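[1] Sequence first, predicted model second:
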Amino acid sequence: MEPILVKHAEYITFIEDSLTRDDAKLFEEWLNSIKMNEENKEEALERMDDSRYIMFNQLIDTISGKISETAIREMARKIVSERMNRINIGDVLYNINQGRRVITNSIMRMDVPVTTLQVVINDVNRQFDIFSHELVSAYSYLANKVIDEKTSFINENHKDKLALLGQISSSFVHEFRNPLTAVMGFNKILKKEYPDMKYLDIMDYELNQLNFRITQFLHTSKAEFNEDLVVEISIGQLIDEIKQLSYASLIDTNVKVEIDVAADLKIKASRNGLKQVILNLLVNSIDALKNVPSERIVNVKAGVKNNQLLICLSNNGPMIEKEYIDSIFEPFFTTKELGTGIGLYVCRKIIESYDGYLVCTSEPEWTTFCIHLPDSIIIKDPLD
């Protein structure tokens with residue numbers, strides 16, 4: 001597209017000569033107004049043939065049509081591709097507009113009719129707009145490309161870690177599961193033969209906790225988290241059972257558990273999978289309350305809302321910082337000194353296997369983990 005200025009050919013030579021005659025002065029005026037460190041500014045002033053000087057003069061050449069729109073776009077793309085890792089896009093746009101100001105102010109001082117000045121200014125602004133738009137577009141494209149590459153690298157890194165953990169899990173489970181099952185079996189026999197013997201309940205709890213941790217490691221090595229055995233589950237009974245499993249920890253940390261679940265709320269799902277999720281959330285809540293000086297409370301609520309089954313566990317422990325909320329469900333992320341960072345990751349995967357999701361909200365008063373499951377698994381809604 002031809003610059004509008006060619007319609008006023010009688011002024012081309014006059015304006016071009018005026019700008020060219022003062023280009024060193026205009027370039028210096030531009031350099032003195034742009035954002036750059038003093039060392040670079042001095043270097044630019046001494047080397048008038050550097051890339052900035054060339055770019056400045058090319059922008060001036062657009063006024064007389066010596067450079068086409070295509071060339072302007074190519075120049076913008078070239079600048080971004082060569083300096084992607086060194087430029088601040090905000091500073092660059094500021095500097096470009098400083099160049100626009102210097103050139104337009106110079107044109108405004110020329111002794112030519114106002115109507116011609118307006119045409120020239122409009123054409124200059126058009127060329128600068130084209131250059132700025134192409135610069136931002138090219139920068140955004142390359143920046144997004146870099147982000148995509150980093151995201152892909154992070155995802156692949158997670159997959160590599162999970163694959164390695166899967167290999168470790170297989171060996172770990174094989175070495176520990178058999179003797180653990182034997183010890184748990186003998187402990188049950190002892191409870192039957194000596195029902196009043198002290199500490200057997202504590203031993204049973206700790207053995208179940210160890211089995212639970214082993215199962216977590218095993219789950220991280222699986223691509224799918226769906227359990228084969230789907231049964232009818234009473235949510236109230238399941239939560240009561242989990243509370244009994246956690247009895248020793250609740251007593252030790254003086255945590256009060258308040259349960260609000262309808263007695264006839266039933267679903268069809270994997271008992272072991274759902275039990276693992278709720279138990280993990282309860283254990284995490286208990287851990288979060290250990291250093292709370294006031295009354296320590298865990299609220300457990302379950303019900304149907306908006307065609308979803310909601311099971312929510314809230315504790316009045318410390319608030320989880322907002323910058324951690326999006327990361328706590330990622331594998332290997334943990335804020336605990338001895339944490340593995342896989343508990344919440346496994347919980348999320350189990351819930352997602354039922355087309356549900358797990359979310360966390362945290363305020364100064366309460367931190368809540370809420371399980372959302374589709375109503376398709378509900379057998380009996382207490383509201384029915």
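    On my side now, so go ahead. Everything numeric here is computed off the predicted structure, so don't read it as measured data. Numbers count the residues shown, from 1 in each chain.

[2] For the rest of this, base every contact and every neighbour count on C-alpha atoms.
    Noted.

[3] I'd like the next helix or strand past the helix or strand containing Ile233.
    Element membership of Ile233, judged by DSSP states H and E, is strand 231-234. Toward the C-terminus, strand 231-234 is succeeded by helix 235-245 as the next helix or strand (DSSP H and E).

[4] what about the helices in the stretch 1-150 of the chain?
    9-21, 23-31, 38-46, 51-61, 69-83, 89-108, 114-193 (DSSP state H, counting those that start in this stretch).

[5] how close does the residue most central in space within the chain sit to Ile320?
    Centrality entry for the chain: nearest residue to the mean C-alpha point is Asp326, 6.2 Å, by CA atoms, centre = their mean. With distances taken as CA to CA, to the nearest Å, Asp326 is found 11 Å from Ile320.

[6] Read off the pLDDT value for Asp17.
    Per-residue pLDDT puts Asp17 at 56.

[7] What of the one 4 residues further on?
    On pLDDT, Arg21 comes in at 58.

[8] Number of residues surrounding Lys322?
    Lys322: 11 surrounding residues under other CA atoms under 10 Å.

[9] That one and Ile328: what is the separation?
    11 Å.

[10] In terms of helix, strand or coil, where does Cys312 fall?
    State at Cys312, reduced to three classes by DSSP: H, G, I helix; E, B strand; the rest coil: strand.

[11] What residue, apart from its backbone neighbours, is nearest it spatially?
    Excluding the flanking residues, the one nearest Cys312 by CA to CA, 6 or more residues apart in numbering is Cys370, at 4.1 Å.

[12] now the one you found, what's its secondary structure?
    Classified using three-state DSSP, Cys370 is strand.

[13] Who is the closest residue to Ser314 other than its chain neighbours paired with across the strands?
    Closest residue to Ser314 apart from its sequence neighbours, by CA to CA, 6+ apart: Thr368 at 4.2 Å. Note on Thr368: beta-bridge partners by DSSP bridges are Ser314, Thr361.

[14] what about Thr368, how many neighbours?
    21.

[15] So it sits against Ile311, correct?
    No. Using CA atoms under 8 Å, Thr368 makes no contact with Ile311, being 10.2 Å away.

[16] and the residue nearest to Cys312, what pLDDT?
    pLDDT, Cys370: 95.

[17] Was I right to think it contacts Ile351?
    No. Using CA under 8 Å as the test, Cys370 is too far from Ile351 to be in contact (10.7 Å).

[18] How much space separates Asp260 from Ile311?
    Taking CA to CA, one finds Asp260 at 10 Å from Ile311.

[19] Out of these two, name the residue with the larger neighbour count.
    Between Asp260 and Ile311, Ile311 has the larger neighbour count (other CA under 10 Å), namely 19 against 13.

[20] give me the beta-bridge partners of the nearest residue in space to the more buried one that is not next to it in sequence?
    Once flanking residues are discounted, Ile311 sits nearest to Ala302: 4.3 Å by CA to CA, 6+ apart. Beta-bridge pairing for Ala302 (DSSP bridges): Val261, Ile311.

[21] I figured Ala302 hits Gln308, correct?
    No. Contact criterion CA under 8 Å: Ala302 and Gln308 do not qualify, at 10.5 Å.

[22] who's more crowded, the two?
    Set Ala302 next to Gln308 and count neighbours by other CA under 10 Å: Ala302 wins out with 20 against 17.

[23] For the strand holding Ile233, which residues meet the burial criterion?
    233-234 (16 or more other CA atoms under 10 Å).

[24] what lines up beside that strand in the sheet?
    strand 266-269 (antiparallel).

[25] what's the spacing between the strand it pairs with and its chain's center?
    33 Å (CA atoms, centre = their mean, to the nearest Å).

[26] ok, and what's touching that strand?
    If you take CA atoms under 8 Å, 6 or more residues apart in numbering as the criterion, strand 266-269 is touched by 229-235, 377-381.

[27] what packs against the following helix or strand past it?
    Remark: after strand 266-269, the chain's next helix or strand is helix 271-288, criterion DSSP H and E. Applying 3 or more CA pairs under 8 Å, 6 or more residues apart in numbering; DSSP states H and E, we find helix 271-288 packed against helix 235-245, helix 247-253, strand 296-305, strand 308-315, helix 343-352.

[28] so which of the ones you listed gets nearest Leu289?
    strand 296-305 (6.2 Å; CA to CA).

[29] avg pLDDT for the closest one?
    Average pLDDT, strand 296-305: 93.

[30] Give the buried residues for that strand.
    Under the neighbour-count criterion of 16+ other CA under 10 Å, strand 296-305 has 296-304 buried.

[31] tell me the angle it makes with helix 235-245.
    Counting by axes from the mean of the first three to the mean of the last three CA atoms, to 10 degrees, strand 296-305 lies at 160 degrees to helix 235-245.

[32] what sits up against strand 296-305?
    Outside of strand 296-305, the residues within contact range by CA under 8 Å, 6+ apart are 235, 254-262, 265, 282, 285-286, 289, 309-317, 375, 381.

[33] from the chain's centre, how far out does it sit?
    How far strand 296-305 lies from its chain's middle: 28 Å, per CA atoms, centre = their mean.

[34] Repeat that for stretch 348-368.
    Per CA atoms, centre = their mean, the centroid offset for stretch 348-368 relative to its chain is 16 Å.

[35] which of the residues in that stretch are buried?
    Across stretch 348-368, burial judged by 16+ other CA under 10 Å covers 348-352, 354, 356-358, 360, 362, 366-368.

[36] my read: Leu93 touches Ser132, true?
    Yes. Between Leu93 and Ser132 there is a contact under CA under 8 Å: 6.9 Å.

[37] before we move on, back to that, go through the helices and strands packed on helix 271-288 and name the closest to Arg126.
    Taking CA to CA, helix 343-352 is the member of the helices and strands packed on helix 271-288 nearest to Arg126, at 52.1 Å.

[38] Next, the angle from that closest one to helix 271-288.
    150 degrees.
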